[in-house]
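# Take a look and give me a structure for this.
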Amino acid sequence: MAPQNRPPQFGKRSEPVQVVIAKGTQVHSFSIKPWYATALTLFVAVFTLSYLAATSYLVFRDDLITFVDSRSDRMRHDYEDRIAYLRSQIDKMTSRSLVDQETLETKLEIMLRQQEELATRHEAIGAVLDLARDTGIAVPLTTRAPMEKPDTISLRIDASELRGDSASPDALHRKPVGDDGQPQASLVWPDVDFQTTSDTVNRMTWETSIALDAVREVAEKRSRIISSALESVGLRIANPASVGLGGPFIPAGETEADSFMQRAHQTRQALQHYRTLVVAVTRFPLGTPIEGAVVSSNFGRRLDPFLKRPAMHSGIDYKAAIGTPVKATAGGRVVSAGRKGGYGKMVELVHANGFTTRFAHLSQILVEKGDEIPKGAVIGQVGSTGRSTGPHLHYEVRIEKRAVNPLPFVRAGRKLTKVAAR
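Here you go, the predicted structure:
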């Protein structure tokens with residue numbers, strides 16, 4: 001008998017569902033509680049869904065596997081392409097870093113070599129400058145100085161590089177990576193324009209070479225003038241650079257440094273020869289004992305002013321007022337200072353290479369026997385003592401005690417005075 005549906009009443013619980021099964025004379029009944037019904041419904045639903053899912057999987061399994069495999073292949077290819085691209089970028093940056101490093105090392109080697117050459121040239125130029133200053137030749141050298149080199153070259157590696165942290169493409173571009181996959185140390189060099197520095201060094205070298213040539217030309221020109229003046233009076237100073245040379249000709253390459261050092265050597269030799277000539281000039285009686293005085297009587301045969309007969313005049317006479325200073329025409333030692341017969345008051349100086357000079361008819365003698373007198377020193381004053389007709393200076397030049405004409409020595413001194421004034 002089926003249960004009757006009764007309307008629910010408020011405040012009363014629902015009764016379990018009573019199920020009665022009648023078959024003939026047999027009647028079976030059982031009750032179904034509500035939560036059993038709910039559980040049974042959920043089980044049937046889950047079973048149905050699982051069955052449908054399993055059926056769908058079996059039906060579409062091949063398609064799903066194909067889809068997943070194709071997607072995995074695409075992702076693998078994308079990663080492989082990306083890795084290949086990054087490797088190529090790393091290779092490029094590594095190659096670029098190696099090239100930059102080789103270029104930097106080459107430029108650095110060139111600069112260090114130039115620095116060594118400049119140091120060597122500085123020593124050579126220093127000797128030339130000292131000689132030029134000693135001889136009074138102005139040196140038109142520039143005062144430019146090369147850029148100072150850094151005391152140290154540092155190596156910089158970031159801490160992230162040591163840790164092997166991942167880096168962005170920009171960071172990889174800034175940080176070269178070696179073949180072993182580790183970041184390389186980068187040279188930290190000051191902000192130096194190698195080309196400008198090299199141009200400056202080359203310009204300094206060229207200007208210095210021009211200055212050396214100019215100094216050598218001045219020294220050689222003055223040496224020629226002095227040599228010419230000395231030769232005019234029979235004197236000759238040997239040039240140490242003009243020695244005998246010879247041998248077979250074997251062509252040899254010449255570098256810029258060799259050319260510069262050769263110029264410096266030639267300039268130094270020219271200055272040394274010029275200094276030798278300048279020193280020699282001070283030892284020979286070259287010049288006039290009275291500046292601006294007129295020669296009133298020449299060397300050689302003349303009428304004797306007292307006897308009016310031909311006589312030998314062993315010197316030249318300078319017309320000058322009493323008291324006019326008389327200067328030594330060369331450095332030497334006083335061997336006579338006093339009265340000597342017709343010479344009156346006389347000073348006699350002995351010089352190098354057998355030269356002696358005499359200054360006669362003085363009114364005052366300002367030196368004593370044995371004094372060492374430099375060139376240009378005042379040794380007395382013009383007078384008219386001894387065998388003299390009036391105020392004048394009698395001047396003699398003697399070689400090995402033999403009187404020679406002083407005028408060539410006076411003219412040579414005038415040439416040398418022009419050289420000294422340049």
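# only C-alpha atoms for contact and neighbour calcs from this point on.
Noted.
# so who does A360 touch?
A360 sits next to Y343, G344, K345, M346, V347, L393, H394, Y395 when contact means Cα atoms under 8 Å, 6 or more residues apart in numbering.
# And the nearest residue to I137 once chain neighbours are set aside, how close does it get to R268?
Nearest non-adjacent residue to I137, counting by Cα to Cα, 6 or more residues apart in numbering: V215, 7.3 Å away. Here V215 is placed at a distance of 9 Å from R268 (Cα to Cα, to the nearest Å).
# Name the SS class of I322, please.
Using DSSP: H, G, I helix; E, B strand; the rest coil, the structure places I322 in coil.
# Scan this structure for its longest helix.
Longest helix of the chain, by residue count under DSSP state H: helix 34-135.
# helices or strands next to that helix in the packing?
helix 194-232, helix 256-283 (3 or more Cα pairs under 8 Å, 6 or more residues apart in numbering; DSSP states H and E).
# Now do the helices in the stretch 301-422 of the chain.
Ranges of helices in the stretch 301-422 of the chain, per DSSP state H, counting those that start in this stretch, are 407-421.
# Strands of that one, start to end?
In the stretch 301-422 of the chain, the strands defined using DSSP state E, counting those that start in this stretch lie at 310-313, 316-319, 325-327, 332-339, 345-350, 355-365, 372-373, 378-382, 392-399, 402-404.
# Export those as JSON lines, with columns for distance to T135 and mean pLDDT.
Shown next, in JSON lines, are the strands of the stretch 301-422 of the chain (distance: least, Cα to Cα, whole Å; pLDDT from 0 to 100):
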{"stretch": "strand 310-313", "distance to T135": "38", "mean pLDDT": "90"}
{"stretch": "strand 316-319", "distance to T135": "32", "mean pLDDT": "95"}
{"stretch": "strand 325-327", "distance to T135": "23", "mean pLDDT": "96"}
{"stretch": "strand 332-339", "distance to T135": "21", "mean pLDDT": "95"}
{"stretch": "strand 345-350", "distance to T135": "25", "mean pLDDT": "96"}
{"stretch": "strand 355-365", "distance to T135": "25", "mean pLDDT": "95"}
{"stretch": "strand 372-373", "distance to T135": "21", "mean pLDDT": "94"}
{"stretch": "strand 378-382", "distance to T135": "24", "mean pLDDT": "96"}
{"stretch": "strand 392-399", "distance to T135": "27", "mean pLDDT": "95"}
{"stretch": "strand 402-404", "distance to T135": "30", "mean pLDDT": "93"}
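# Could you export those as CSV, including distance to S209?
Output for the strands of the stretch 301-422 of the chain, formatted as CSV (distance: least, Cα to Cα, whole Å):
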stretch, distance to S209
strand 310-313, 54
strand 316-319, 48
strand 325-327, 42
strand 332-339, 40
strand 345-350, 44
strand 355-365, 42
strand 372-373, 41
strand 378-382, 43
strand 392-399, 44
strand 402-404, 46
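# For D213, which residues are in contact?
When contacts are counted by Cα under 8 Å, 6+ apart, D213 touches R263, T267.
# Tell me where the model's unsure across the stretch 151-300 of the chain.
The stretch 151-300 of the chain contains residues with pLDDT under 70 at 151-195, 197-198, 201, 238-258.
# Apply 80 and report the result again.
Within the stretch 151-300 of the chain, the stretches with pLDDT under 80 are 151-209, 211, 229, 232-261, 280-282.
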